[in-house]
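*Asks:* Below: sequence and its predicted model.
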Amino acid sequence: MIMKREDVRNVAIIAHVDHGKTTLVDQLLRQSGVFRANQEVVDRVMDSNDIERERGITILSKNTAVNYNGTKINIIDTPGHADFGGEVERVLKMVNGVVLVVDAFEGTMPQTRFVLKKALELDLDVVVCVNKCDRPEARPAEVVDEVLELLMDLEANDRQLDCPFVFASARAGWARYDVDDGNMDMKPLFETIVKNIPAPQGDPDKFTQVLISTIDYNEYVGRIGVGKVDNGTIRVNQEVAIVNHHEPDKLRRVKIGKLYEFEGLNRVEVKEAQIGSIVAISGISDIHIGDTITNPDAPEAIPFQKISEPTISMNFMVNDSPLAGQEGTYVTSRHIRERLFRELNTDVSLRVEELSPDCFKVSGRGELHLSVLIENMRREGFEFAVSKAEVIYRYDDLHKKQEPMEIAFVDVPDEFSGAVIQKLSSRKGELIGMTPIHGGYTRCQFSIPSRGLIGYRGEFMTDTKGNGILNTEFDGYGPYKGDMYYRKTGSIIAFESGEAITYGLFQAQDRGPLFIGPGTKVYAGMVIGQAGKSEDVEVNVCKTKKLTNTRSSSADEALKLVPPKQMSLEQCLEFIDTDELLEVTPENLRIRKKILDPMLRKRDKFRQKQMAQQ
């Protein structure tokens with residue numbers, strides 16, 4: 001018999017990046033009494049990872065729970081960036097409704113469309129929260145119209161079109177039914193969630209059915225599966241079977257080790273859990289996303305959407321430069337292999353393939369996805385080298401080459417739109433739409449190959465003087481668009497090993513901007529700057545000034561150096577070309593040529609030229 005569980009609500013907070021999801025969850029936690037009155041709480045408490053805090057983005061979806069007037073509300077905070085869209089697709093299977101957060105100034109953005117589309121496909125109920133209503137330039141009334149237009153575009157049903165709207169300022173800690181009604185707490189949002197998000201339902205007399213939607217990993221207990229109890233009751237030490245909708249042959253009998261429910265920011269151990277509860281299960285070593293925990297005698301898998309395949313790959317390899325092993329703690333292929341395969345425990349969108357004992361092909365959903373992994377490894381003390389990001393090609397039934405395509409949404413001030421259109425067109429982009437939006441901005445829509453966007457973001461920010469917004473959405477595979485050159489300028493390469501000297505750098509800086517200062521250790525084949533021309537230039541920055549007895553009036557003038565260009569990890573990954581590697585250590589990022597010896601490098605270039613002509 002189907003039964004509703006009225007004391008529970010399961011809801012996911014979804015939005016475009018930086019529209020205030022995590023800050024909103026913060027306020028819901030604070031105002032539901034999760035923290036003591038004298039407890040010191042950091043801002044964006046759900047962003048527990050250092051990189052999440054620094055970049056101000058959510059990378060991993062996280063569970064929490066609050067109690068409001070006797071109703072337990074399980075809340076899932078999801079990422080807003082397209083590279084982590086795989087996280088959003090999965091967690092929506094755990095909830096009965098979503099809170100769509102939209103910025104009161106920016107309005108509906110590409111990722112708003114993506115996450116809302118996923119929610120509507122699963123027939124989830126929607127509550128719209130127009131956030132940041134305290135911004136001076138906020139335009140809540142227009143944003144409400146934009147959301148309704150978006151719902152109609154996505155063919156929402158009548159129930160979804162009739163969704164309630166709540167106006168909020170997560171930073172100030174208030175939510176209102178009307179922007180000007182003067183309420184100063186989050187009660188209206190709590191009330192709207194309880195009233196409009198349906199209670200979970202299932203059959204308590206059936207055997208247990210739990211679909212695993214998220215995997216967590218702990219050094220002590222191993223893999224932890226998180227999912228919602230769809231039917232029956234789940235108990236500690238219960239004998240169950242693991243099956244998977246996409247793997248019909250999979251059937252394994254296991255025993256439930258430990259069972260947890262979420263309370264505030266903590267996991268609380270419980271003996272059993274009922275229909276509608278979101279639980280964490282430990283003690284099952286080989287549990288994966290999409291697995292169903294069910295009856296061992298009559299196993300029945302719950303259908304589950306397959307995780308989107310990766311579109312971009314990089315090679316991670318052992319660092320073999322002359323400075324290798326001097327700065328990192330973990331430098332061998334065994335350490336790198338172990339760490340990459342450990343990442344697979346928690347990141348389902350990632351793929352790792354062993355090409356050789358010293359080289360691993362790591363595939364992900366985008367440059368940001370892979371750069372977060374590189375940054376995490378670097379902070380943990382790993383030293384390794386990575387290659388230029390490359391897209392993953394496919395071949396259709398007629399053996400024609402296909403490549404991943406993206407829809408790029410570009411919001412730029414009107415005066416810069418010409419430069420952006422020209423640059424994206426040269427990267428095989430096709431302009432498919434152009435509309436003026438508020439504040440003197442133009443929104444351009446491009447269909448562009450994924451490789452056309454590799455290394456473009458830095459250039460885009462320069463072209464728009466930091467005022468442009470670039471968002472992308474994966475758009476399947478399309479025909480191969482032809483060869484493309486990533487970089488129009490060459491590299492300035494160190495000619496010999498040693499320490500960079502001011503005199504040598506002074507002579508080299510006329511060739512283009514340098515990445516190093518005096519006293520930096522260099523080696524032959526290391527890239528130390530960006531050449532002004534398209535060819536690579538070799539310079540000797542270890543050259544000292546020859547001393548002489550002859551005096552002249554200008555001989556002892558102080559040498560003035562231009563400050564070196566400091567590059568972040570993302571900028572380095574964008575800058576490197578296909579014949580270069582990025583050497584990543586806990587202390588430094590160095591760009592180098594794959595072939596360090598200048599003679600061998602010239603021979604290789606000549607060989608490639610001959611092959612191209614044939």
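*Replies:* Received the coordinates, thanks.
*Asks:* any idea which helix is longest in the protein?
*Replies:* Selection of the longest helix in the chain by residue count, based on DSSP state H, yields helix 598-613.
*Asks:* what comes up buried for the lengthiest strand in the chain?
*Replies:* Using DSSP state E, we find that the single longest strand of the chain is strand 401-413. Neighbour-count burial for strand 401-413 flags Glu403, Pro404, Met405, Glu406, Ile407, Ala408, Phe409, Val410, Asp411, Val412 (criterion: 16 or more other CB atoms under 10 Å). Yep, even glycine has a C-beta here, placed from its N, CA and C like the rest.
*Asks:* again, but for stretch 515-531
*Replies:* For stretch 515-531, a neighbour-count test (16+ other CB under 10 Å) marks 515-516, 518, 520-522, 524-531 as buried.
*Asks:* again with stretch 137-157
*Replies:* The neighbour-count check on stretch 137-157 (16+ other CB under 10 Å) flags Ala138, Arg139, Pro140, Val143, Val144, Glu146, Val147, Leu148, Leu150, Leu151, Ala156 as buried.
*Asks:* quick one: which of those residues is nearest Asp475?
*Replies:* Taking CB to CB as the measure, Asp475 lies nearest Leu150 of those, at 17.8 Å.
*Asks:* Name the SS class of Asn376, please.
*Replies:* Secondary structure state of Asn376, per DSSP: H, G, I helix; E, B strand; the rest coil, is helix.
*Asks:* separation between it and Asn67?
*Replies:* Separation of Asn376 from Asn67 (CB to CB, to the nearest Å): 34 Å.
*Asks:* how is this structure carved up into domains?
*Replies:* 3-201, 203-294, 312-387, 394-479, 491-548+556-613 (automatic domain parsing).
*Asks:* Specify the stretch among the ones you listed that is closest to Glu300.
*Replies:* With CB to CB, the closest approach to Glu300 among these belongs to domain 203-294: 5.6 Å.
*Asks:* okay, now Val537: neighbour count?
*Replies:* Applying other CB atoms under 10 Å, we find 17 residues neighbouring Val537.
*Asks:* on that earlier part again, so can I have JSON lines of the buried residues of strand 401-413 showing pLDDT and distance to Ser497?
*Replies:* Output for the buried residues of strand 401-413, formatted as JSON lines (pLDDT from 0 to 100; distance: CB to CB, whole Å):
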{"residue": "Glu403", "pLDDT": "90", "distance to Ser497": "40"}
{"residue": "Pro404", "pLDDT": "90", "distance to Ser497": "40"}
{"residue": "Met405", "pLDDT": "90", "distance to Ser497": "44"}
{"residue": "Glu406", "pLDDT": "88", "distance to Ser497": "41"}
{"residue": "Ile407", "pLDDT": "88", "distance to Ser497": "47"}
{"residue": "Ala408", "pLDDT": "88", "distance to Ser497": "42"}
{"residue": "Phe409", "pLDDT": "87", "distance to Ser497": "47"}
{"residue": "Val410", "pLDDT": "88", "distance to Ser497": "44"}
{"residue": "Asp411", "pLDDT": "87", "distance to Ser497": "47"}
{"residue": "Val412", "pLDDT": "88", "distance to Ser497": "45"}
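*Asks:* one step back: now do the helix or strand just after the longest strand of the chain against strand 401-413, angle only.
*Replies:* Per DSSP states H and E, strand 401-413 leads on to helix 417-426 as the next helix or strand towards the C-terminus. Going by axes from the mean of the first three to the mean of the last three CA atoms, to 10 degrees, helix 417-426 is angled at 170 degrees with respect to strand 401-413.
*Asks:* List the buried residues of helix 417-426.
*Replies:* Of the residues in helix 417-426, Ser417, Ala419, Val420, Ile421, Leu424 count as buried by neighbour count, 16+ other CB under 10 Å.
*Asks:* cool, and stretch 479-493?
*Replies:* Neighbour-count burial for stretch 479-493 flags Tyr480, Lys481, Tyr486, Arg487, Thr489, Gly490, Ser491, Ile492, Ile493 (criterion: 16+ other CB under 10 Å).
*Asks:* Between the two ends of it, how far is it?
*Replies:* Taking CA to CA, to the nearest Å, stretch 479-493 runs 37 Å from one end to the other.
*Asks:* before we move on, what about stretch 153-170?
*Replies:* 28 Å.
*Asks:* which residue sits closest to Ala298, ignoring its sequence neighbours?
*Replies:* Closest residue to Ala298 apart from its sequence neighbours, by CB to CB, 6 or more residues apart in numbering: Phe207 at 7.3 Å.
*Asks:* Compute the number of surrounding residues for the one you found.
*Replies:* 18.
*Asks:* Which of the buried residues of stretch 515-531 fall within strands?
*Replies:* Under the assignment DSSP E, these contribute Lys521, Val522, Met526, Val527, Ile528, Gly529, Gln530 to strands.
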